[in-house]
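Undergrad: 3D, please:
(chains A and B)
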Amino acid sequence: MKVKILRQKHPHAEPYWQCFDYDGDRNASVAAVLDNINYRDDITDSDGNPTERISWECSCLQGMCGGCAMVINKMPVLACDTFVKDLKGDTITIEPLHKFPVICDLVVDRGIIQENLKKIDAFIGKYHQGPEKDHELEYRIGRCLKCGLCLEACPNYVKGEDFFGPLFANDSYFVASRSDGDKATIKKNYNDHFAKGCSKSLACMRVCPVNIPTLASMAKMNRGIRDHYD
Amino acid sequence: MSKVLIIGSGISGLACAITCASKGMNVILVSPFPSERSQSVLAAGGINAVLTGEDGDSIEQHIEDTLKGGCFIAGEKAVTGLCSAAPDIVRWLESLGTVFSRDNEGNISRRSFGGQTYPRTNYAGAVTGKQIVTALVMEARRLEGMNLIERRYWNDLYGVLIRDKVCYGALLYSEAARTVEAVTADAVVIATGGQNALFGKTTGSTMCDGYAAGKLFSQGVELKNLEFIQYHPTTIETDQKKMLISEAARGEGGRLFYEEGGRRIYFMEDLYGTGGNLMPRDIVSRHIFETGRQVYLDVSFLGRNKIMDRIPEVYELCLKYRNIDISESPVPVVPSVHFFMGGIAVDLKHRTNIKNLYAIGECASMYHGANRLGGNSLLAAIYSGRVAAGDINGMETDPYDWNKEVSEANDLLEKKRRSESKFPVMYVRGMLSDTINSSMGIVRNKERLESGIKDVDYYLSISDKINFDRSELEYFTYSLEGILTLAKAALISAASRHESRGSHIRSDYPEKSEEFNASTIISYDDGKYTSRLVKEDEYEG
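TA: Below is the predicted model:
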C-alpha cells in the first residue's frame, strides 16, 4: 500500500507531498508504519528517490502522552492509536495538525495550549473536594493529554487568539469544581474564551483519544455561569 | 534567592520546581516537550503511603518492606525518610487537586501491591501518574504566573558546567536554533528519568534514554548500582514497545499461570501460596523466565463490572493493542525492562559528588536497592524532588567565562554535521540494544557480559564517525556517545558483582554473598572506568 505524507523541511519552507511504499503488517499502528519507513537502511520514496527521514513526535507509543497527534485520512487522531486494518483504501494520507505552526514534517508547535491556560490562570490554588457525583467527570478531565486533537477538529478554533477551544472548557470546569478560588473570574474567562464562540458541533468529543465528555463540562459551566450572573 | 536550573519536567522535576519556587527561588525548568509527554504519565498503579494505619499497617512496616524488597542495600536512613514523608506527600498531592479514586467512605482508594505486607498503594484508577502530572502542571502554572518558574521547551541537556568539582550551570542545546548555549545557575538538578535507550523496547518513554547519566559520568559524576534493572513481570509486546499490564491487575486478584497437558499451572501460587502472584517483581520475573513457557495473566474471574471499575485502562490497553477482552480471556505476558534502580550516585540530600549538582527521580540511584517495590517510584520521584529543593541554598558567584566550552561544543556539532559516514545513528542504537538485551537479560553470566563490553567498545570506537542525519533531531546524533558510555559502565558494574541479588541474577554466581552486601559505585577518569563497593554509611553521607 501507499503512504502519502505532507512534508515540510522547516517552519518557513513550502509543504510538499511525498509518497512511500509500505508492505508490512496490516495490524500495525500508523506510528509503527512511520518507524517502518524511517528505519529502513536506505530511505527512498515510492519512485526510488533517496530522501530524508520523516520527522514526527512520540514518547509513550500507547495513547497516553498525545505526542503523535496528526491528521490521518482526514481525521485528527493519535498515530499510535490508529491501526492500518481500520483504515479504508490502499493509501494512507498523513498530514500535520493544521491549526498549529509546523516545525518539521509532522512535528508542530502546540505551545499555544500551555500559553492560553497560563493566560487565564488555570490552576487549583486552594483545593476543594467536590461531591462524589462530580468525581467521574473530573477523573476523565484529569486524563486530558493536551494533544490538540479537539482543537484541530473544532470548527470554531482558529489559532487560539480569542477562542481557546474545548480543552479549555474542560480545564475551566476542572478548576471551578476543585478549587476554592475565585470562581467568578474562572466563569468570566470561560464565557469570554469559550462559551461565546462555541457552536456546539461536538466534533471535539468524537476525536478525543481519552473520551472526555466536553458537553458535560459545558453543561456544568453554563449552569454555573447562569447562577452567577442571574 | 538561588537560581535553580532543573533538567526534566516529569513528576520529579515538577515537584522540585514547585518546592523551589514556593520558597521564592527562581527556577528554569527545561524539557524538549511539555510535562504531558513525560514518562511519568505512564506510571499506572499508585503511590505508597500509610495514611491511617487502621488495618495494622505502619510506617515502620513500609520501611521494612522497602528494605526487604531492595535486598537490604537500599539505605536505611534514606528509606526511613522516604516512607516517613509518604503520608504528607499524598496529602499534598490531594491538596493540589490530584483526582484519586475514592472508596465508599470518600477516602483515597488503596490496593495491594507486590512485596507489601498491607494494601498501602493509593491510586487513581490505573493512571495515577497521569493524574499527578495534571495536578503538578497546574500548580507549576500558578508559579509560572508569579514569574518564579520559567519553562524552556525545545531544549535538551548537552552537558554540565563543572570546574574544580563545582557545578555552575549547564550547556543546553536548542533544537530550534541548532546551537549550544551556557546557562549558569546556583544549582543544577538532573531529573531526566531512566535509561531506556540501552534496551530499545521497554515499558517506558522513548525520551528517557540515559544520555544525561552517561554524559555526566564522562564529566566526573559517579554512578551507582547500574547492574540493578527491574524486569516487570507482566507486559504485552507490540512492534514498537512492551506495554505494561499494571501490577494493579494482580493487586486486584489477577493470577499467573502456564498450560501443561490442558491444565493450568498456577506456578506462583504453587511456590508461595495464595500471595504468590504478588511477590516482588524480581522474584516473579525470575520464575516466569524459569518456566521457559508462555505465561498468561487471568483477571476474567473478577467479572466485567469490577474490571471496568478498578482497572479500566488495563482493559482498554489489551483490547486495543492485542485484541483481547480480559473480562473473557487471559492475556499472554512477558517480563520486560521497566525501571532502573541504578543511576547517578547521590547522598541523602540528593547531592552528587559535584558541588551544587543534584539528581532526582529515576535518573538518581536511591531508595530501591536491588529491586524496587511497585508504588515506591512515584513516591521517590516526589520525595527526592522535595529533598533536593530543601537542600539548595547556594549563591555561588560564577567567576568563569564559559565561551570556550560553548565554542567547543558547537565546533563538535559542526564536525558531526560534516561527517560522510555510512553509519546512521539509529543503526548503532539498534545494535546497542541487541547487545544489552543479550548481555543484561534477566539471567546474566561472565561470558555474555564480557562479550557485551567488547561490542560496546567497538560502538564507542565508531561513535564519532556516525552519519549526521539532518532529518533526525540533532539530539539523537550527539547523544549517542553518552548512551554508549553509560552502557559500558552498566556492563562493567554487572560483571563486577559476583553474586545474585534482587534483579541482578548471575547463573555463574547463583547465591547472595555477604561480601557484596553493598552498592557498586563506578567512576570515570580519562577513559578509565573504575568500580568499587561502598557500604550505605558512606554513600548516604
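
Undergrad: can you list the domains in chain B?
TA: For chain B, the structural domains run B:3-229+B:338-391, B:234-335, B:403-511+B:526-534, going by automatic domain parsing.

Undergrad: with distance to A:N189 as new columns, can these be given to me in CSV?
TA: Every residue, glycine included, has its C-beta placed from N, CA and C. As requested, those are exported to CSV (distance: least, Cβ to Cβ, whole Å):
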stretch, distance to A:N189
domain B:3-229+B:338-391, 13
domain B:234-335, 31
domain B:403-511+B:526-534, 36
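
Undergrad: any idea which of those domains is most buried?
TA: Ranked by mean neighbour count, these are led by domain B:3-229+B:338-391 with a mean of 23 (mean count of other Cβ atoms under 10 Å in any protein chain shown).

Undergrad: chain A contacts on the stretch 151-300 of chain B?
TA: Taking Cβ under 8 Å from any Cβ of the partner chain, the part of the stretch 151-300 of chain B that reaches chain A is made up of B:151, B:153, B:176, B:205-207, B:238-241, B:243.

Undergrad: which of those sit farthest apart?
TA: Largest separation among these by Cβ to Cβ: B:R151 and B:D239, giving 33.4 Å.

Undergrad: how about B:R293, secondary structure?
TA: coil (DSSP: H, G, I helix; E, B strand; the rest coil).

Undergrad: do I have it right that it meets B:Y258?
TA: Yes: if you go by Cβ atoms under 8 Å, B:R293 and B:Y258 touch, sitting 4.4 Å apart.

Undergrad: in the chain, where is pLDDT below threshold?
TA: If you meant another chain, say so; for now it's chain A. Across chain A, the ranges flagged by pLDDT under 70 are A:225-230.

Undergrad: my bad, chain B
TA: B:396, B:469-472.

Undergrad: remind me, longest helix of it?
TA: helix B:474-496 (DSSP state H).

Undergrad: quick one: secondary structure of the residue nearest to A:R178 when sequence neighbours are not counted?
TA: Take A:R178 and drop its neighbours on the chain: the residue closest to it by Cβ to Cβ, 6 or more residues apart in numbering or on different chains is B:G97, 4.6 Å away. Secondary structure, three-state DSSP: B:G97 is coil.

Undergrad: show me what contacts B:G97?
TA: Counting by Cβ atoms under 8 Å, 6 or more residues apart in numbering or on different chains, B:G97 makes contact with A:124, A:127, A:174, A:178-179, B:135, B:138.

Undergrad: contact partners for A:H135?
TA: B:99, B:102.

Undergrad: hmm, try it at 7 Å
TA: Residues in contact with A:H135 (Cβ atoms under 7 Å, 6 or more residues apart in numbering or on different chains) are B:R102.

Undergrad: right, so of the domains of chain B, which gets closest to A:L117?
TA: domain B:3-229+B:338-391 (6.4 Å).

Undergrad: off-centre distance for the closest one?
TA: 8 Å (Cα atoms, centre = their mean, to the nearest Å).

Undergrad: hmm, back to that, the longest helix of chain B close to chain A?
TA: No: if you take Cβ under 7 Å from any Cβ of the partner chain as the test, helix B:474-496 misses chain A, and the best it gets is 10.1 Å.

Undergrad: mind listing what the helix or strand just after that helix pairs with, with the direction of each?
TA: Of the helices and strands lying after helix B:474-496 in sequence (DSSP states H and E), the nearest is strand B:505-506. Note on strand B:505-506: by DSSP bridges, its sheet partners are strand B:443-444 (parallel).

Undergrad: which bits of chain A sit near chain B?
TA: When proximity is defined as Cβ under 7 Å from any Cβ, chain A approaches chain B at A:28, A:31-32, A:35, A:39, A:52-53, A:55, A:58-62, A:64-67, A:111, A:114, A:117-118, A:121-125, A:127, A:132, A:135, A:138-139, A:142-143, A:145-146, A:178.

Undergrad: and B:Y158, that's in a strand?
TA: Yes: judged by three-state DSSP, B:Y158 forms part of a strand.

Undergrad: how near is it to B:W402?
TA: Taking Cβ to Cβ, to the nearest Å as the measure, B:Y158 falls 12 Å from B:W402.

Undergrad: repeat that for B:A370.
TA: Distance from B:A370 to B:W402, by Cβ to Cβ: 39 Å.

Undergrad: same thing with B:H350?
TA: On the measure of Cβ to Cβ, B:H350 and B:W402 end up 25 Å apart.

Undergrad: just B:V387 next, same as before
TA: Distance of B:V387 to B:W402, computed by Cβ to Cβ: 29 Å.

Undergrad: contact partners for B:A49?
TA: Per Cβ under 7 Å, 6+ apart, neighbours of B:A49: B:86-87, B:89-90, B:120, B:122, B:379.

Undergrad: closest one to B:E450 out of those, please.
TA: Of the contacts of B:A49, the one sitting nearest to B:E450 (Cβ to Cβ) turns out to be B:L379, at 37.0 Å.

Undergrad: hang on, that closest one packs against B:L82?
TA: Yes: if you go by Cβ atoms under 7 Å, B:L379 and B:L82 touch, sitting 6.4 Å apart.

Undergrad: what ranges does the stretch 51-200 of chain B have for its strands?
TA: B:110-111, B:121-122, B:149-152, B:155-163, B:166-174, B:179-184, B:187-190 (DSSP state E, counting those that start in this stretch).

Undergrad: what is the second one packed up against?
TA: This means strand B:121-122. strand B:47-48, strand B:110-111 (3 or more Cβ pairs under 7 Å, 6 or more residues apart in numbering or on different chains; DSSP states H and E).

Undergrad: now do 6 Å
TA: Contacts defined by 3 or more Cβ pairs under 6 Å, 6 or more residues apart in numbering or on different chains; DSSP states H and E place strand B:121-122 against strand B:110-111.

Undergrad: repeat that for the fifth one.
TA: In terms of contacts (3+ Cβ pairs under 6 Å, 6+ apart), strand B:166-174 is packed against strand B:155-163, strand B:179-184.

Undergrad: can I get the ones you listed in a markdown table including distance to B:N467?
TA: Shown next, in a markdown table, are these (distance: least, Cβ to Cβ, whole Å):
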| stretch | distance to B:N467 |
| --- | --- |
| strand B:155-163 | 20 |
| strand B:179-184 | 21 |
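
Undergrad: and the residue nearest to A:D90 when sequence neighbours are not counted, how far is that from A:A79?
TA: Counting by Cβ to Cβ, 6+ apart, the nearest residue to A:D90 once its immediate chain neighbours are dropped is A:M1, at 4.8 Å. Taking Cβ to Cβ as the measure, A:M1 falls 16 Å from A:A79.

Undergrad: having no further points to raise, I will conclude here.
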